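Peer 1: here is my input, please return the structure:
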Amino acid sequence: MKILMANYPWIGGIAKYIEEAFTELGHEVEQNYYRGQTPFLHRAFKLNQIKYLDRKCLERIRARFNIEIRSHAKNICPDMFFVFNEGYVNTETVQSMRCMGIRTVCLIGDNPFDSYRFRELPYSLKYFDHIYVAEKNWISNIRMVAAGSKIIKMHSAYDSRRFNIDHVKENDQARNKEINCQIAFSGESYYQCAEGGYRCAVLSNLVEYGLVLWGDCGWKYQFKFYPELVRAYNGGRLSLDELVSVYANATINLNMPSPQIITSFQPRVFEIAACGGFQIVDYREDLLEVFKKDEIVTFKTIPELKEKVEYFIRYPEKRKPYIDSGLKAIKGNTWKDRVEMILNNMDNY
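Peer 2: Modelled structure (predicted):
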């Protein structure tokens with residue numbers, strides 16, 4: 001099968017993992033990459049701060065990107081057009097794929113009706129043959145606008161080539177030391193968006209327990225609201241090797257999905273487990289579709305979180321059953337497994 005993907009530099013790497021899974025399964029993948037950067041002249045004179053000019057520039061970049069996608073599709077005649085989230089793909093482009101007889105697939109990782117994140121995705125949904133969604137609470141709204149599409153609930157997954165015990169061992173040997181900390185968190189600050197307020201509020205309760213925090217420079221914006229996080233912040237984003245070592249060696253990995261996620265969970269749950277790490281996860285009910293209740297540690301309130309943090313710091317040996325359960329739970333939950341599911345559904349379309 002020949003697959004055309006619309007790709008963009010999303011920090012989570014999911015599009016990359018999916019591309020590699022398609023290729024590993026013997027399919028041909030071609031991509032169009034979106035690179036939405038304003039011209040040097042804008043940046044040099046800080047004109048990108050003038051919202052009108054910046055918006056117009058990005059609209060032109062996006063328009064060219066969509067023209068390139070449609071031209072590429074006409075040249076290679078793919079069997080499938082695959083998009084993660086909106087992917088800067090316009091409704092006209094998805095509709096044109098349908099008109100060319102190309103099967104269209106969308107994997108949605110964020111609320112498609114979030115105006116901050118998406119512009120055209122709600123209008124494009126009806127042109128996708130298959131829509132994969134991790135968060136079941138979004139499905140009823142998606143069905144209202146995409147009544148003719150097949151909507152499929154699908155858990156997130158992990159990349160087994162990057163997140164695994166062997167990778168941990170190689171990293172620790174190469175570094176000749178382990179990255180150790182009591183409580184680790186690495187992730188997005190959301191800059192000045194409301195979701196960052198939730199994340200910071202939870203993390204601020206853990207500074208006294210030795211929290212170490214890594215992430216984008218937007219965390220510094222949060223310090224004016226939560227100055228206690230200054231002493232927890234340990235710098236910018238970690239490399240993949242560093243991240244794997246943190247997952248494996250931290251006494252506790254704190255795991256929090258965005259508050260827009262109501263029932264589901266993010267790939268990090270599997271990634272930490274695959275590295276042999278111990279985690280405490282902000283409770284989401286879908287975790288119990290993968291883990292038994294006594295196989296993963298969750299929290300619903302700050303007092304409960306503090307109680308469990310204190311317990312596992314005091315008794316670190318109690319982590320082992322959860323680590324062992326995690327290593328079992330990851331089986332069948334790779335991106336390759338998810339892509340096989342997508343392909344099987346396409347065969348039965």
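
Peer 1: lowest-scoring secondary structure element of the protein by mean pLDDT?
Peer 2: Sorting the helices and strands of the chain by mean pLDDT, DSSP states H and E puts helix 40-44 at the bottom, at a mean of 48.

Peer 1: which parts of the next helix or strand along the chain from it are buried?
Peer 2: Where DSSP states H and E defines the elements, the next helix or strand beyond helix 40-44 is helix 51-76. The neighbour-count check on helix 51-76 (16 or more other Cβ atoms under 10 Å) flags Cys57, Ile61, Arg62, Phe65, Asn66, Ile69, Arg70, His72, Ala73 as buried. (C-beta placed from N, C-alpha, C; glycine too.)

Peer 1: return the item of those residues having minimum pLDDT.
Peer 2: Among the buried residues of helix 51-76, Cys57 carries the lowest pLDDT, at 83.

Peer 1: quick one: low-confidence parts of the stretch 1-150 of the chain?
Peer 2: Applying pLDDT under 70 to the stretch 1-150 of the chain flags the ranges 10-12, 36-54.

Peer 1: strands along that one, start to end?
Peer 2: Using DSSP state E, counting those that start in this stretch, the strands of the stretch 1-150 of the chain run over 2-7, 28-33, 80-84, 103-108, 130-133, 150-153.

Peer 1: tell me the most buried of the ones you listed?
Peer 2: Among the strands of the stretch 1-150 of the chain, strand 80-84 has the highest mean neighbour count (mean count of other Cβ atoms under 10 Å), at a mean of 25.

Peer 1: start and end of stretch 292-299, how far apart?
Peer 2: Using Cα to Cα, to the nearest Å, one end of stretch 292-299 lies 15 Å from the other.

Peer 1: and that stretch, average pLDDT?
Peer 2: Averaging pLDDT along stretch 292-299 gives 95.

Peer 1: does Ile179 touch Ser245 like I think?
Peer 2: Yes - between Ile179 and Ser245 there is a contact at 4.6 Å, judged by Cβ atoms under 8 Å.

Peer 1: and the two? Which one has more around it.
Peer 2: Comparing Ile179 with Ser245 by other Cβ atoms under 10 Å, the one with more neighbours is Ser245, at 24 against 21.

Peer 1: that one reaches Lys169, doesn't it?
Peer 2: No - Ser245 lies out of contact with Lys169 (Cβ under 8 Å); the separation is 10.2 Å.

Peer 1: for Phe113, see how far away Glu285 is.
Peer 2: 21 Å (Cβ to Cβ, to the nearest Å).

Peer 1: typo on my end, Tyr123
Peer 2: Counting by Cβ to Cβ, the gap from Tyr123 to Phe113 is 11 Å.

Peer 1: ok, now Tyr221?
Peer 2: Remark: distance between Tyr221 and Phe113 (Cβ to Cβ) = 26 Å.

Peer 1: ditto for Val89
Peer 2: In terms of Cβ to Cβ, Val89 sits 17 Å off from Phe113.

Peer 1: among these two, which residue is more densely surrounded?
Peer 2: More neighbours surround Val89 than the other of Val89 and Phe113, with 26 against 15 (other Cβ under 10 Å).

Peer 1: buried stuff in the helix or strand harbouring Leu343?
Peer 2: Under the criterion of DSSP H and E, Leu343 resides in helix 335-347. Within helix 335-347, the residues scored as buried using 16+ other Cβ under 10 Å are Trp335, Lys336, Arg338, Val339, Ile342, Leu343, Asn345, Met346.

Peer 1: contact partners of that helix?
Peer 2: Outside helix 335-347, the residues within contact range by Cβ atoms under 8 Å, 6 or more residues apart in numbering are 1, 14, 17-18, 20-22, 24-25, 27, 80, 103, 105, 130, 132, 150, 152, 154-155, 157-160.

Peer 1: now do stretch 296-315
Peer 2: Applying Cβ under 8 Å, 6+ apart, the contact partners of stretch 296-315 are 182-183, 202, 205-206, 209, 251-252, 278-283, 287, 318-319, 322, 325-326, 329.

Peer 1: among those residues, which ones are in helices?
Peer 2: With DSSP state H as the criterion, helices contain Val202, Tyr322, Ser325, Gly326, Ala329 from among the contacts of stretch 296-315.

Peer 1: could I get those residues as TSV with pLDDT?
Peer 2: Putting the ones in helices among the contacts of stretch 296-315 into TSV (pLDDT from 0 to 100) gives the following:
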residue	pLDDT
Val202	96
Tyr322	98
Ser325	96
Gly326	96
Ala329	94
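
Peer 1: so which of the residues you listed wins on neighbours?
Peer 2: Tallying neighbours with other Cβ under 10 Å puts Gly326 at the head of those, with 23 neighbours.

Peer 1: count of residues packed around the residue nearest to that residue when sequence neighbours are not counted?
Peer 2: Closest residue in space to Gly326, ignoring its immediate chain neighbours: Ala273 at 3.1 Å, by Cβ to Cβ, 6 or more residues apart in numbering. Other residues lying near Ala273 total 30 when counted by other Cβ under 10 Å.

Peer 1: now do the contacts for Ala273.
Peer 2: Here Ala273 is in contact with Gln279, Ile323, Gly326, Leu327, Ala329, Ile330 (Cβ under 8 Å, 6+ apart).
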